[in-house]
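Colleague: All I have is the shape, not the residue letters:
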């Protein structure tokens, strides 16, 4: 049985991020095994995030937007980002960047195969891949599956952020490559928060994505029809071609995620609860978590000494999920009010869980009180009566 210091299950954003942070630290000489069922060469997704400072991923930014807008039928808000920039990284570029760096380290091994058994004892973790078994001192598991949940719908909220995007090329120059659209609510809401997301990188090429926050998914035709209607009836695009397509489903829930599994395994990524419950953003949260895991390993020789966000943000997430669940038709107006009454940097800090109490209260005071007070009652009082 081959032995390693660290066994990473899953080579998505979280697994590769953790391996990258390890080889960039004094842990770079430890033996690391990464297991995934795929080769990680396809451009299977994109990650977007805002940041006020440089990151190590600048060489692979596909495009960045210094300006963002939020749009409803009768109003367009052009946000002043105050030092923040919005970035996009394509999956293929991310995989290539990380795997290229890992390939410089002979102590890092990548195995392609199905993970069949994960077992642990007081001294380590054993992973069976096909007919072979591998041993590690510590295991890190990012293999998320919602089927493992035992849903408790009376206590927790279970929404999905689900989307389909088209990369289009238009016949005419209609886009501003420096201006992205974070939310365009000019699409029928039909009881759930729905919006379009438009990120252009040239005057005639852009990612146009139809996104919903809801408990139920749509069939493929419904996403396509919404995208066609938006392009042809709202943006008035006369001629265009679909170059690429992407789909995604992200859990948005306050269901508690288990981080520590037994004595030797830490859940990471979506499986470790790193997706922001009320927004679906995860990429920069995963980077911060990977850095914290490395610090814990270096300081304590275990990965469990991780910081926790202040509890107020968990409360805010639960209340927002309740509002989204009960007031889907009102979410467009609520979000327009949020961005109308707050500078974008304050909202970003709030969503990044970096805002102090003062800024949190400013954000809350800017929202319509009725839906949020009812949500507070329902989540924290009515359930206990």
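Modeller: Everything's here; your move. Quantities reported herein were computed from a predicted structural model and do not represent experimental measurements.
Colleague: The helix or strand hosting residue 213 pairs with which strands, parallel or anti?
Modeller: Residue 213 is part of strand 205-214 when elements are defined by DSSP states H and E. According to DSSP bridges, strand 205-214 forms sheet pairs with strand 158-170 (antiparallel), strand 193-200 (antiparallel).
Colleague: pLDDT on the last one, on average?
Modeller: Confidence over strand 193-200, taken as the mean pLDDT, stands at 97.
Colleague: likewise the first one?
Modeller: Predicted confidence along strand 158-170 averages 96 (mean pLDDT).
Colleague: same thing with stretch 67-84?
Modeller: 96.
Colleague: residues in contact with it?
Modeller: 50-52, 66, 86, 178-186, 332-333, 335-336, 339-340, 343-345, 348 (CB atoms under 8 Å, 6 or more residues apart in numbering). C-betas here are computed from N, CA, C, even on glycine.
Colleague: Could you list the buried residues of that stretch?
Modeller: Using 16 or more other CB atoms under 10 Å as the test for burial, stretch 67-84 gives 68-72, 77, 79, 81, 84.
Colleague: and what of stretch 141-158?
Modeller: 141-144, 156-158.
Colleague: repeat for stretch 157-167
Modeller: Result for stretch 157-167 [16+ other CB under 10 Å]: buried residues 157-167.
Colleague: what do you get for stretch 99-119?
Modeller: Within stretch 99-119, the residues that count as buried by 16+ other CB under 10 Å are 99, 101-102, 105, 108-111, 115, 118.
Colleague: Any idea how far apart the tips of that stretch sit?
Modeller: 27 Å (CA to CA, to the nearest Å).
Colleague: which other helices and strands contact the worst-scoring helix or strand of the chain on mean pLDDT?
Modeller: Least confident helix or strand of the chain, by mean pLDDT, DSSP states H and E, is helix 369-380 with a mean of 89. Applying 3 or more CB pairs under 8 Å, 6 or more residues apart in numbering; DSSP states H and E, one finds that helix 369-380 contacts helix 311-326.
Colleague: by contact count, what packs against the helix or strand just after the helix it packs on?
Modeller: With elements assigned by DSSP H and E, the helix or strand that comes after helix 311-326 is helix 331-341. With contacts defined as 3+ CB pairs under 8 Å, 6+ apart, the packing partners of helix 331-341 are strand 67-72, strand 75-79, strand 193-200, helix 311-326.
Colleague: Which of those sits closest to residue 93?
Modeller: Nearest of the helices and strands packed on helix 331-341 to residue 93, taken as CB to CB: strand 193-200 at 15.1 Å.
Colleague: List the buried residues for that closest one?
Modeller: For strand 193-200, by 16+ other CB under 10 Å, it's 193-200.
Colleague: Report the distance from it to the chain centre.
Modeller: Per CA atoms, centre = their mean, to the nearest Å, the displacement of strand 193-200 from the mean C-alpha position of its chain is 16 Å.
Colleague: what's the angle between it and strand 67-72?
Modeller: Orientation of strand 193-200 against strand 67-72 (axes from the mean of the first three to the mean of the last three CA atoms, to 10 degrees) gives an angle of 150 degrees.
Colleague: residue contacts, the nearest residue to residue 40 once chain neighbours are set aside?
Modeller: Leaving aside its chain neighbours, residue 40 sits nearest to residue 95 (4.3 Å; criterion: CB to CB, 6 or more residues apart in numbering). By CB under 8 Å, 6+ apart, the contact set of residue 95 is 11, 16, 40-41.
Colleague: how long is stretch 45-55 from one end to the other?
Modeller: 20 Å.
Colleague: which residue ranges form the strands in the stretch 51-200 of the chain?
Modeller: For the stretch 51-200 of the chain, the strands defined by DSSP state E, counting those that start in this stretch cover 63-65, 67-72, 75-79, 85-90, 108-112, 115-121, 124-129, 132-141, 158-170, 179-184, 193-200.
Colleague: what pairs with the fifth one, and is each one parallel or antiparallel?
Modeller: Based on DSSP bridges, the strands next to strand 108-112 in the sheet, each with its direction, are strand 32-36 (parallel).
Colleague: For the strand it pairs with, give the mean pLDDT please.
Modeller: 97.
Colleague: Under the pLDDT cut-off, which ranges of the stretch 201-350 of the chain? List them.
Modeller: The stretch 201-350 of the chain contains no residues with pLDDT under 70.
Colleague: What residues of the helix or strand that contains residue 6 count as buried?
Modeller: For residue 6, the host element (DSSP H and E) is strand 2-9. For strand 2-9, the neighbour count (16+ other CB under 10 Å) marks 4-9 as buried.
Colleague: Could you do stretch 314-321 as well?
Modeller: Judged by neighbour count using 16+ other CB under 10 Å, the buried positions of stretch 314-321 are 316-321.
Colleague: Of all pairs in the buried residues of strand 2-9, which one is the farthest apart?
Modeller: The widest separation within the buried residues of strand 2-9 (CB to CB) is 14.6 Å, between 5 and 9.
Colleague: Can you check the pLDDT for residue 384?
Modeller: So, for residue 384, pLDDT stands at 58.
Colleague: Repeat that for residue 189.
Modeller: pLDDT, residue 189: 94.
Colleague: Quick one: neighbours of it, just the number.
Modeller: The number of residues packed near residue 189 is 16, by other CB atoms under 10 Å.
Colleague: do the same with the one 3 residues further on
Modeller: Residue 192 sits with 18 neighbouring residues when counted by other CB under 10 Å.
Colleague: tilt between the strand holding residue 213 and strand 179-184?
Modeller: Using the same axes, to 10 degrees: strand 205-214 against strand 179-184 is 20 degrees.
Colleague: So which bits of strand 205-214 are buried?
Modeller: 205-214.
Colleague: JSON lines for the residues you listed, including distance to residue 307?
Modeller: Converted to JSON lines, the buried residues of strand 205-214 look like this (distance: CB to CB, whole Å):
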{"residue": "205", "distance to residue 307": "40"}
{"residue": "206", "distance to residue 307": "37"}
{"residue": "207", "distance to residue 307": "33"}
{"residue": "208", "distance to residue 307": "37"}
{"residue": "209", "distance to residue 307": "32"}
{"residue": "210", "distance to residue 307": "36"}
{"residue": "211", "distance to residue 307": "30"}
{"residue": "212", "distance to residue 307": "32"}
{"residue": "213", "distance to residue 307": "28"}
{"residue": "214", "distance to residue 307": "32"}
